[in-house]
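Q: I'd like to go over a predicted model; first the sequence, then the structure.
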Amino acid sequence: MTEPISFFLDGAEVSAEPGETIWQVASRQGIEIPHLCWLPKPGYRADGNCRACMVEIDGERVLAASCVRKPTSGMKVQTASERAKFSRKMVFELLIGDQPDRAAAHDPNSRLWQWADKLEVSDSRFPQHLAPAPDRSHPAMAVQLDACIQCNLCVRACREVQVNDVIGMAARGHREKIVFDFDDPMGNSTCVACGECVQACPTGALMPATLVDANGVYTNAPDREVDSVCPYCGVGCQLTYKIKDDRIVSVEGKDGPANHNRLCVKGRFGFDYAHHPDRLTEPLIRREGIPKHDTDIDPANPYTHFRKASWEEALDLAAEGLARIRDRDGRRALAGFGSAKGSNEEAYLFQKLVRTGFGSNNVDHCTRLCHASSVAALMEGIGSGAVTAPFTAALDSDVIIVIGARPTENHPVAATFFKQAAKRGAKIFVIDPRGYSLMRYATRTLRFNPGRDVAMLNALLHTIIEEGLTDRQYIQAHTEDYEKLREHIRDYSPEKMAPICGIDAATLRYVARTYARAERAIIFWGMGISQHTHGTDNARCLIALAMITGQVGRPGTGLHPLRGQNNVQGASDAGLIPMVYPDYQSVENPDTRAKFENLWQTSLDDKRGLTVVEIMDAVHRDEIKGMYIMGENPAMSDPDVQHAREALAHLEHLVVQDIFLTETAKYADVVLPASAWPEKDGTVSNTNRQVQIGRAALPLPGNARLDWLIIQEIARRIGLDWSYTHPRDVFAEMKLAMPSLDNITWERLERESSVTYPCDAPDQPGNEIVFGDGFPTPSGRAKLVPAAIIPPAEEPDEEYPMVLTTGRQLEHWHTGAMTRRASVLDEIEPEAAASLAPMELRRLGIAAGEPVRVTTRRGVIELKARADSNVAPGQVFIPFCYAEAAANVLTNPQLDPFGKIPEYKFCAAKVEPVLIPAAAE
């Protein structure tokens, strides 16, 4: 290890750690040096081009930029010599000469102006250059290059931190300027609106459009800030809400362990859904005589079908209906859907309500629709449903496999670490039937035939085993049933599997060898792996790949299913699953059940409950007659959604708790207005196992209430004696039920904002990498489970010749209830489209933008066609967030037998042009 360097800073002897600059040492010593082109935040490197940080070094003729200059032994540095101070003031005078007047500044509180104030530079003697015209082409960001000082921070933000490669410099001399792509307007460029450039800009040249008026004048200065966590995907980015008059006006990324200041378009610009006029603000009760199948309701005016009610009346009616069904038809006649969008505390209370108040285990949430098969395979194989390493471990990896996931769209901040790893030299294998932007950074891209995952993965296993590339010591010490796997895999050579999976044998062997021989390799997967009838088998193969090569339990190695919603990990941990109590403890285990009966002081059902799709089937069979749905939208998210909607209409009693009149709430008897994420305190657990705290930033609108309080009021009215006073009380009880929360307290989370579980001591950080010394299985070993090829439940044929796959897109989330009401997000992606290969559109005689009809055996929808070369011929992709063209009308409800997850990623479909009648003469 290199020794510290001793030198003199303003006459005092100080030490610099290896690689530290003079600026960094001075900052550590509490010495302020102006800086503009250097942003001391994670991921940024110093550039030394603005010359604001000049210092004087004894014996040197010229001043040195302290942000890039590293000290040497015995060096004498003066940070505030007359020469250095004069130089800095001159730099700022020159820069201010090219700025708009302070009174008209786009951001009068920018870092440039703050430093100018400290240096007492308020005006300039120098003439102003001709200012570029403003660019307001982007709905989220204002480009005002009259304030640009060409510090290049935005270039580094785009190219090196977010790795999107959109921003650059063009031209020479005084014509030099920042450009987007080929000098396109920002709104017409390939910008993905992550906003990193806006957060980095020190002058107001790039700003959130919400903070300035049409003329670029700063009009929306925040009056307070609140730190919290993003409410969208499972990455769990920490952020800071900027608030004015109790409205969020902008959002900045915070240095959390998952995001290191970064955000994506949803986290940075998708915040105004909380202020949308569609917000539910009063309890609603269905009007007499209005049939449930009549769902032609304007969410902004629900009073055509519902009437306002007091909280007392609404809660009494909601609870009375649930209790009546329970007491008349038995405890299994009720079911509940909780939410992965709420807090851990809400999830815990909701599952406890169903189990102790309804009396059954009929409780589930959207994990059933995203990673249930992954969790089933992980629990079976390694005894835990959580990830073995965070996604930031990609930075330590030599080889990264990303399969069945589209992180640049669904987990964009996680994707930044993958792209940075690739630029560092890591090999990335992107494996997906559909192309996407991460493939630009891939060593190899494997676009295999849809639904043929097991054939491809077994070919990789075959190569590693037959070529002796396994880690024999690891297999002997940490796995079981290896011989069964070895025997099974003999028939799956790459040569045999290539015609099935569509990837040539040489490529399969190259990927297998590279992964097995890597010192550190990690696998990431998404719903392209899990949302199949063979989803559990897919995950079993990935687990086997890691186990037979010993690629787990060390930095840069592991298994990581990228979790979908912001709290799908935490909601699952908290027990919002029909077959397990909190921390995945089986409801069928008598000892476990006795423990929870003692904790909750009531007897509990000894049978596992029904899952999401099974519950809808049971409604049709008149076995389930009442439901309580909190923050979930099965009328959009369920497969064969018409079947689900008919079930909701068929229910005798439906209580829905939500922030909008969702497609599901339209079927309710009672609608309870709930709290949006920025309005509540609570914890969430992200895909990295990081438990993080969200803080209330906004008042509740109208007469809406906090979710945990609503759950408690329902519980009291159906006979439970609950008296929680704050989410911290719930968290304290969760700790009694969940060993995973050992050494994590509410007070610690308030202090530190994030703690990773498992955590060994109250004063120790959590363990990011787990299972280095064994697994939480009965034997302490990982179980290797062979997987045979099982075809998709429905294959294309003459009538339905294409393969339909569904999923998310960058700008919208899940069923769109929030993002379709976020103005920037909906302006960027305002309407539903079916993406097809250009050659497929030509074959069908359809032009991009024309209406098409997509039909499966379950239903039909109409939407616009989009030409997308990332979609292979014979396939069609449709996002499922558009209520006006609900993709899940089409999807196949056939279930994986282990994870009980539907096959969203594969069904047979046909696409036809919609013939528009010619106008009459």
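A: Happy to help now that I have it.
Q: For the residue nearest the centre of the chain, give me the pLDDT.
A: Most central in the chain under C-alpha atoms, centre = their mean is C233, positioned 2.1 Å from the mean C-alpha point. Looking at C233, its pLDDT reads 93.
Q: can you give me phi and psi for it?
A: Main-chain dihedrals, C233, degrees, to the nearest 10: phi -90, psi 180.
Q: And for A393?
A: Backbone torsions of A393, given as degrees, to the nearest 10, read phi -60, psi -20.
Q: Please enumerate the helices of the stretch 51-200 of the chain.
A: Secondary structure of the stretch 51-200 of the chain (DSSP state H, counting those that start in this stretch): helices located at 82-97, 111-118, 153-156, 196-200.
Q: What is the longest one packed up against?
A: Packing contacts for helix 82-97, counted by 3 or more C-beta pairs under 8 Å, 6 or more residues apart in numbering; DSSP states H and E, involve strand 54-57, helix 111-118. (Glycine included, C-beta is placed from N, CA and C.)
Q: Equivalent analysis for the second one, please.
A: Packing contacts for helix 111-118, counted by 3+ C-beta pairs under 8 Å, 6+ apart, involve helix 82-97.
Q: which residues touch the helix it packs on?
A: The set of residues external to helix 82-97 that reach it, using C-beta atoms under 8 Å, 6 or more residues apart in numbering, is 34, 36, 50-56, 63, 78, 112, 115-116, 119-128, 149.
Q: Kindly calculate the angle that it makes with helix 111-118.
A: 130 degrees (axes from the mean of the first three to the mean of the last three C-alpha atoms, to 10 degrees).
Q: quick one: buried residues of helix 82-97?
A: A84, K85, S87, R88, V91, F92, E93, L95, I96 (16 or more other C-beta atoms under 10 Å).
Q: Can you tell me which of those residues is nearest H812?
A: Nearest to H812 out of these is L95 (C-beta to C-beta; 40.2 Å).
Q: where's that closest one relative to W113, distance?
A: According to C-beta to C-beta, to the nearest Å, L95 stands 10 Å off from W113.
Q: re the thing from before, dig out what the residue nearest to the centre of the chain forms beta bridges with.
A: Beta-bridge partners of C233, counted by DSSP bridges, are Q565.
Q: Pull the contacting residues for it.
A: Applying C-beta under 8 Å, 6+ apart, the residues near C233 are K266, N410, H411, G564, Q565, N566, W813.
Q: Of the residues you listed, just the buried ones, PyMOL syntax please.
A: Buried members of the contacts of C233, defined by 16+ other C-beta under 10 Å, are picked up in PyMOL with:
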select buried, resi 266+410+411+564+565+566+813
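Q: okay if I get the contacts of C233 as JSON lines plus distance to A372?
A: Shown next, in JSON lines, are the contacts of C233 (distance: C-beta to C-beta, whole Å):
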{"residue": "K266", "distance to A372": "24"}
{"residue": "N410", "distance to A372": "17"}
{"residue": "H411", "distance to A372": "19"}
{"residue": "G564", "distance to A372": "11"}
{"residue": "Q565", "distance to A372": "13"}
{"residue": "N566", "distance to A372": "18"}
{"residue": "W813", "distance to A372": "19"}
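Q: Can you redo the contacts of C233 as CSV, where the extra columns are pLDDT and distance to T21?
A: Converted to CSV, those look like this (pLDDT from 0 to 100; distance: C-beta to C-beta, whole Å):
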residue, pLDDT, distance to T21
K266, 96, 35
N410, 93, 37
H411, 95, 33
G564, 83, 41
Q565, 86, 41
N566, 88, 37
W813, 84, 40
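Q: of the contacts of C233, closest to T557?
A: Set against T557, the nearest of the contacts of C233 by C-beta to C-beta is H411 (19.5 Å).
Q: coming back round to it: give me whichever of the helices and strands packed on helix 82-97 is most buried.
A: strand 54-57 (a mean of 23; mean count of other C-beta atoms under 10 Å).
Q: which residues are contacting that strand?
A: Under C-beta under 8 Å, 6+ apart, the answer for strand 54-57 is 22, 33, 63-66, 69, 75-79, 81, 83-84, 87-88, 91.
Q: which among the residues you listed end up buried?
A: Buried subset of these (neighbour count, 16+ other C-beta under 10 Å): 22, 33, 63-66, 69, 75, 77-79, 81, 84, 87-88, 91.
Q: out of everything not next to it in sequence, what's closest to R268?
A: Closest residue to R268 apart from its sequence neighbours, by C-beta to C-beta, 6 or more residues apart in numbering: G195 at 4.0 Å.
Q: do P791 as well
A: Distances taken as C-beta to C-beta, 6+ apart place G451 nearest to P791, at 6.8 Å, with adjacent residues excluded.
Q: got a list of what the one you found touches?
A: H532, H534, P791, P792, V803, K905, F906.
Q: Now for the residues you listed: which two are most distant?
A: H534 and V803 (15.0 Å).
Q: Between those two, which is the more surrounded one?
A: H534 (27 against 23; other C-beta atoms under 10 Å).
Q: Need the phi and psi values for the more buried one.
A: Here H534 shows phi and psi, under degrees, to the nearest 10, equal to phi -110, psi 30.
Q: So A546: helix, strand or coil?
A: Following DSSP: H, G, I helix; E, B strand; the rest coil, we place A546 in the helix state.
Q: Disregarding flanking residues, what is the spatial nearest neighbour of it?
A: That would be V552: by C-beta to C-beta, 6+ apart, it lies 4.9 Å from A546.
Q: Please apply the same query to A512.
A: By the measure of C-beta to C-beta, 6+ apart, the closest residue to A512 outside its immediate chain neighbours is T463, 3.7 Å from it.
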